[in-house]
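K.L.:
here are the coordinates; sequence isn't available:
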């Protein structure tokens, strides 16, 4: 069977590219090493957050946003400093993406059936000066239906194209080599894996039962990053963040292994910004794991007190939800690879959300009734309560002395001193006696409550931690959770993979995380959040459309 295009990887970027090709009536072969149950890849497991600029949802919440402000925030966050080399195309991709997010992105997604939760969230708040890291305004738009709701429109289009013969989807096909002839990529070779009935996200067998070779006019690599491969994460760990963590938990399934990066590099594809990655500091071990070392990220409100492993409060602006990588650097420089939240029952009821489609059944199931029950009524949301009851990283007590004792018992390090923790909590609580304060975390949470979206659903009314009426007290051990690869294959704005001389490799394209979400690192050193899924959509669309033009 003759193919126009081969796509390697059936995640979100691959599905979007396949849709563009099918709409142009191009015969496409879609390959993935995982079973069909995992169609949609990591995106299916996500919270479904998307970065949009000056949207109707923002305007209805009283948020004044603009492309100029978004670009200012992007540059301040990315910190591009390799402009003539590794960041050259990344910056062009970043500018194009901000224009997309400020323009047609929302309407283009709505035309495909994507809808958004009306309250816009504020992720990566920054905490520096105006031109520093972070979002100046809330921009995190949650897909109604979370990750599955975002994947569904593209999956449905792919399945419709399969029915009419435009897409040939073959799971359990692992690509091991790109075929090159006269300097052009003309196909792929690899092995078939034994059929697997594991559920979505579970580790599947790598037992081989055959081989394959396919040729086409172009190949698009959309195979994802390295977050499930701890060896690669540690190998590429940047020295600026200290030594690599000895203990890691995984925010992505095991198949996110980075194989296609090396395979593409072998035929001349250039990988840039290898030292840039995005890992979360608020990871907790999943009490009900799906994949190996499965971790969940807490999406925290700004009120919890954050301590290092020795019980010292992190300095400004290392507050919950302000600067992920800045806090990661502070954690690793403490000499330990974990940290602590201390908070109250009132805080956890209002401020704790858990990342992942399966951890948000109300939003994922599009249930208004469950949404009101989980988000607005008293008590912690059911998934959060399950972690409080069953998660090994959670400690609950009515006594601070007992809490600290159990924190020491959990780690076995015996690093925490009760009197030192108590002193810091008392000092913080004294700042609550006035509407003004010199504690910048308290000032920040009061500013957050000026935004009605945070006041309604994300930020607890300021209160004293040691006042028993706000209790019990809760401590959460936070682990380093692997997630995203910010560097990757360098691509031009057509999605063509470049070689070491900066020339496109004929017939070879890349999109999504394997390409650093565009250009080999559209985010630079840091992300504004909501830009990973959007980066997959934008780069997948660009690559698909560019291949169509090449074929024409």
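P.N.:
Yep, that arrived. Fair warning: this is a prediction, and the values are worked out from it, not measured in the lab.
K.L.:
use CA for all of it now, contacts and neighbours both
P.N.:
Will do.
K.L.:
please name the residues that touch residue 11.
P.N.:
Residues near residue 11 by C-alpha atoms under 8 Å, 6 or more residues apart in numbering: 39-43, 222-224.
K.L.:
quick check: beta-bridge partners of it?
P.N.:
Counting by DSSP bridges, residue 11 is bridged to residue 40.
K.L.:
where's it relative to residue 151, distance?
P.N.:
With the distance defined as C-alpha to C-alpha, to the nearest Å, residue 11 ends up 9 Å from residue 151.
K.L.:
anything in contact with each of these two?
P.N.:
Shared contacts of residue 11 and residue 151, counting by C-alpha under 8 Å, 6+ apart, come down to 40, 43.
K.L.:
quick one on the thing from earlier: among the contacts of residue 11, which one sits closest to residue 249?
P.N.:
Of all the contacts of residue 11, residue 42 has the smallest distance to residue 249: 15.8 Å, by C-alpha to C-alpha.
K.L.:
so how far is residue 490 from the residue of the chain positioned farthest from its centre?
P.N.:
Here the centre of the chain is the reference, and by C-alpha atoms, centre = their mean the most remote residue is residue 182, at 38.5 Å. Going from residue 182 to residue 490 by C-alpha to C-alpha gives 21 Å.
K.L.:
which residues of the stretch 301-450 of the chain fall in strands?
P.N.:
In the stretch 301-450 of the chain, the segments counted as strands under DSSP state E, counting those that start in this stretch are 305-308, 338-344, 353-354, 394-397.
K.L.:
and the longest strand along the chain, which strands flank it?
P.N.:
The residue-count maximum for a strand in the chain (DSSP state E) belongs to strand 473-485. Sheet partners assigned to strand 473-485 using DSSP bridges are listed as strand 249-250 (parallel), strand 277-285 (antiparallel), strand 338-344 (antiparallel), strand 394-397 (antiparallel).
K.L.:
so what's the residue count around residue 455?
P.N.:
17 (other C-alpha atoms under 10 Å).
K.L.:
and the pLDDT for it?
P.N.:
The model reports residue 455 with a pLDDT of 94.
K.L.:
could you pull out the strands for the stretch 101-250 of the chain?
P.N.:
Using DSSP E, counting those that start in this stretch, the strands assigned to the stretch 101-250 of the chain run over residues 140-142, 167-171, 173-181, 184-193, 208-215, 218-221, 249-250.
K.L.:
just say helix, strand or coil for residue 7.
P.N.:
Classification of residue 7 by DSSP: H, G, I helix; E, B strand; the rest coil places it in strand.
K.L.:
flag the shaky bits of the chain, pLDDT-wise.
P.N.:
Residue ranges of the chain with pLDDT under 70: 1.
K.L.:
before we move on, the earlier item: of all the strands of the stretch 301-450 of the chain, which one comes closest to residue 178?
P.N.:
Residue 178 lies closest to strand 353-354 among the strands of the stretch 301-450 of the chain, at 38.8 Å (C-alpha to C-alpha).
K.L.:
what helices and strands are in contact with the closest one?
P.N.:
Under the contact criterion of 3 or more C-alpha pairs under 8 Å, 6 or more residues apart in numbering; DSSP states H and E, strand 353-354 touches strand 295-299, helix 382-390.
K.L.:
give me the angle between the first one and strand 277-285.
P.N.:
Between strand 295-299 and strand 277-285, the angle comes out at 100 degrees (axes from the mean of the first three to the mean of the last three C-alpha atoms, to 10 degrees).
K.L.:
name the residues that touch strand 295-299?
P.N.:
For strand 295-299, the external contacting residues (C-alpha under 8 Å, 6+ apart) are 249-251, 280, 282-286, 289, 321, 351-356, 481.
K.L.:
change it to 6 Å
P.N.:
By C-alpha atoms under 6 Å, 6 or more residues apart in numbering, the residues outside strand 295-299 that reach it are 249-251, 282-286, 353-355.
K.L.:
which of the residues you listed lies closest to residue 396?
P.N.:
Of all those, residue 396 sits closest to residue 284, with 15.2 Å by C-alpha to C-alpha.
K.L.:
burial count for the closest one?
P.N.:
By the criterion of other C-alpha under 10 Å, residue 284 has 26 neighbours.
K.L.:
that one pairs with what?
P.N.:
Applying DSSP bridges, one finds that residue 284 bridges with residue 296.
K.L.:
now do the same contact list for it.
P.N.:
Residues in contact with residue 284, defined by C-alpha under 6 Å, 6+ apart, are 295-296, 478-479.
K.L.:
go again using 10 Å as the cut-off
P.N.:
By C-alpha atoms under 10 Å, 6 or more residues apart in numbering, the contact list for residue 284 reads 249-251, 294-298, 354, 387, 391-394, 476-481.
K.L.:
my guess is residue 102 contacts residue 52, does it?
P.N.:
Yes. At 6.2 Å, residue 102 counts as touching residue 52 under the criterion of C-alpha atoms under 10 Å.
K.L.:
out of those two, which sits in the more crowded spot?
P.N.:
For residue 102 and residue 52, the more surrounded residue by other C-alpha under 10 Å is residue 52, and the numbers stand at 29 against 21.
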